[in-house]
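Trainee: Need the 3D shape of this:
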Amino acid sequence: MKVNFELANVTETEVLIRGDITSPEVVAILEYVKGLSGNTKKLMLFKEDEQFLFSPSEVVYIEAKGSKVQVVTTAGIFDSKKKLYELKELLISEPFAQINKGTLVNIDFVKSVQAEFSGNYSLKLKSGKEILTISRKYFKEFKSKI
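Mentor: Model prediction:
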């Protein structure tokens with residue numbers, strides 16, 4: 001990777017990337033820059049009639065079950081009114097990876113990954129309670145996030 005810096009008298013800093021914008025290096029740079037801009041937001045989650053605010057670092061994983069999206073946090077299970085793809089976009093600068101069609105996982109809570117005979121992978125969380133499945137389709141995305 002080639003890096004150039006140019007001193008300019010401008011009101012706002014500009015970052016320009018030329019090349020394959022899908023490469024893991026570019027994706028990592030984008031996530032880092034987004035993190036610097038303070039885009040990390042709190043998540044509004046619901047349980048019964050109450051609303052709770054959580055930081056993304058408190059979220060273990062997010063799972064779409066039918067028409068509902070459940071968010072498993074360090075404090076318990078909550079509901080989200082956002083769709084899975086909306087949460088994925090919101091958490092782009094956070095250590096989250098989609099591991100199958102209906103699940104996003106916080107990489108910081110992953111203990112181990114084991115290959116299965118079917119070609120999928122089993123993901124064990126640090127809590128030891130849950131084992132999630134990483135489908136073959138999403139393994140590359142997961143691997144790029146670690």
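
Trainee: What segments of the chain are strands?
Mentor: Along the chain, the stretches classed as strands by DSSP state E are 43-47, 50-54, 59-65, 68-73, 76-80, 96-100, 103-106, 110-115, 121-125, 131-134.

Trainee: Spatially nearest residue to the residue nearest the centre of the chain (excluding sequence neighbours)?
Mentor: For the chain, the residue whose C-alpha lies nearest the mean C-alpha position (CA atoms, centre = their mean) is Phe96; its distance is 1.8 Å. Leaving aside its sequence neighbours, Phe96 sits nearest to Leu104 (CB to CB, 6 or more residues apart in numbering; 5.0 Å). Just so you know, the C-beta spots here come from the backbone N, C-alpha and C atoms, and that holds for glycine as well.

Trainee: Check Ala75 too.
Mentor: Glu58 (6.9 Å).

Trainee: give me the low-pLDDT residue ranges for this protein?
Mentor: 31, 34-40 (pLDDT under 70).

Trainee: do that again at 90, thanks
Mentor: 1-42, 48-50, 66, 89-90, 92-93, 118-119, 127-130, 140-146 (pLDDT under 90).

Trainee: Many thanks, I have nothing further to ask.
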